Structures are given as C-alpha cells and as structure tokens.
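Trainee: Fold the following and give me the result.
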Amino acid sequence: MKRLFASTLILIAPAMLLAQTATDVAGKPTVKAAAAAKSSPTSSRTQLNSAANQVAAGIRAAEAALTPAELAIAERVHVGQLPCELGATVSLESDAKSPGYFNLLGKGFRYRMHPVETSTGAVRLEDPHAGAVWLQLSNKSMLMDQKQGRRLADECSSPAQVAVAEALKKNPAPSLLDAPGTAR
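Mentor: All right, here's what the predicted structure looks like:
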C-alpha cells in the first residue's frame with residue numbers, strides 16, 4: 001500500500017506543481033517561482049524596468065498636464081509665421097496632440113513651449129529644458145535664451161500686434177510718470 005501511495009504521489013506531484021501559483025497560501029514563493037527567479041534574473045529586471053518606465057511615463061504625463069489658467073493663456077497666443085527684426089522669421093504653431101503646447105521654430109533653434117502664468121498679464125511661453133522664453137506683448141513678441149542671457153529674436157509681430165503697434169504710434173499710451181491728477 002505504501003508503494004502504491006508513493007507511486008501515485010510521484011505521478012500527481014508534477015501536475016500539482018504546474019497548477020500552483022507563484023506563491024502559496026502563506027504568501028511564500030513556491031518552488032516553481034524560486035526556480036524561475038534563479039534561472040532568469042534578467043526577466044525580473046526587465047519587469048522592474050518596465051514598471052519603472054510606466055511610472056515615469058505617468059509622472060511625465062502629470063507634469064505635462066496644464067492648469068485651466070495655463071490653457072486660458074494658450075488661447076491668447078498668436079500663431080503662424082511671425083516676421084521679426086533684421087529679416088528673421090519664426091514659426092509658432094500649436095501642438096495638435098497636446099493642447100496648450102506650442103512648437104517654436106526658427107533659424108538654428110526648435111523649442112517645445114508651454115504657457116506660464118505671469119503677474120503682468122503678458123503671455124509667456126517656456127521651454128524649461130532649453131531655457132528658452134517667448135514673451136508676447138500687445139505690440140510685439142521676443143524670444144530669449146535664459147541660459148545665455150540674450151535675445152534670440154526681437155520685434156516679432158503677428159498682424160494683430162502690428163495693428164496695435166501702429167495704433168500706439170498714432171496715439172501713445174500715457175507715461176506712468178505723467179499720471180493724471182499729479183501736481184507739478
């Protein structure tokens with residue numbers, strides 16, 4: 001009888017091992033899981049790398065998400081081919097895949113920019129990795145390189161900005177120093 005039991009156990013044991021999951025009821029790794037871990041250390045590294053990449057992608061997506069205020073700023077950005085001083089031209093286009101993001105192209109540069117809130121109300125786009133800043137005022141726009149501390153493009157204007165600049169030439173805004181009601 002003992003011999004019959006032992007031979008039956010030998011026949012059933014491999015089937016039981018195949019049916020087991022990676023952990024037993026107590027939460028300890030089974031023989032199968034331990035053997036797999038020993039035979040294939042790169043598969044666990046691959047799984048860890050894959051999980052880390054998924055987490056990193058989620059973090060990047062969360063960082064890339066814009067606030068409602070930033071999306072409102074993005075709606076005010078002038079896009080298209082913008083002529084600048086000295087015959088230069090920049091192309092500012094919205095990114096169809098990422099609302100609120102813009103691609104700024106010019107001679108020798110390419111930036112992916114997003115809006116940033118300002119206290120002055122000026123439209124400000126930044127590419128934090130490259131250190132580029134696009135400032136859009138009512139009458140002109142300019143591109144600055146914060147890392148090198150210089151302007152890359154100045155006096156860039158959309159048709160709407162050209163109209164404002166012409167209106168300011170005909171009827172200049174009052175100076176802050178000449179505020180009404182001040183006695184001299």
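
Trainee: Give me the neighbour count for residue 115.
Mentor: Using other CB atoms under 10 Å, residue 115 has 25 neighbouring residues. The C-beta positions use only the backbone N, C-alpha and C, and glycine is treated the same way.

Trainee: Equivalent analysis for the one 10 residues further on, please.
Mentor: Counted with other CB under 10 Å, the neighbours of residue 125 add up to 25.

Trainee: Strands of the protein, residue ranges please.
Mentor: Applying DSSP state E to the chain gives strands spanning 80-83, 89-94, 102-106, 109-116, 123-127, 132-136, 141-145, 150-156.

Trainee: Turn those into a markdown table, columns for distance to residue 48.
Mentor: What follows is the strands of the chain, written out as a markdown table (distance: least, CB to CB, whole Å):
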| stretch | distance to residue 48 |
| --- | --- |
| strand 80-83 | 46 |
| strand 89-94 | 38 |
| strand 102-106 | 35 |
| strand 109-116 | 30 |
| strand 123-127 | 32 |
| strand 132-136 | 36 |
| strand 141-145 | 39 |
| strand 150-156 | 42 |
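
Trainee: Touching, residue 123 and residue 135? I think so.
Mentor: Yes - counting by CB atoms under 8 Å, residue 123 does reach residue 135; the two are 7.3 Å apart.

Trainee: Point out where the chain drops to low pLDDT.
Mentor: 1-42, 56-64, 179-184 (pLDDT under 70).

Trainee: where along it do the helices fall?
Mentor: 2-19, 31-39, 41-64, 68-75, 159-170 (DSSP state H).

Trainee: What residue, apart from its backbone neighbours, is nearest residue 73 spatially?
Mentor: Distances taken as CB to CB, 6 or more residues apart in numbering place residue 115 nearest to residue 73, at 3.8 Å, with adjacent residues excluded.

Trainee: do the same with residue 155
Mentor: residue 85 (3.9 Å).

Trainee: Just give me the neighbour total for that neighbour.
Mentor: 13.

Trainee: quick one: it and residue 151 touch, right?
Mentor: No - using CB under 8 Å, residue 85 makes no contact with residue 151, being 9.7 Å away.

Trainee: which residues touch residue 76?
Mentor: 123, 136 (CB atoms under 8 Å, 6 or more residues apart in numbering).
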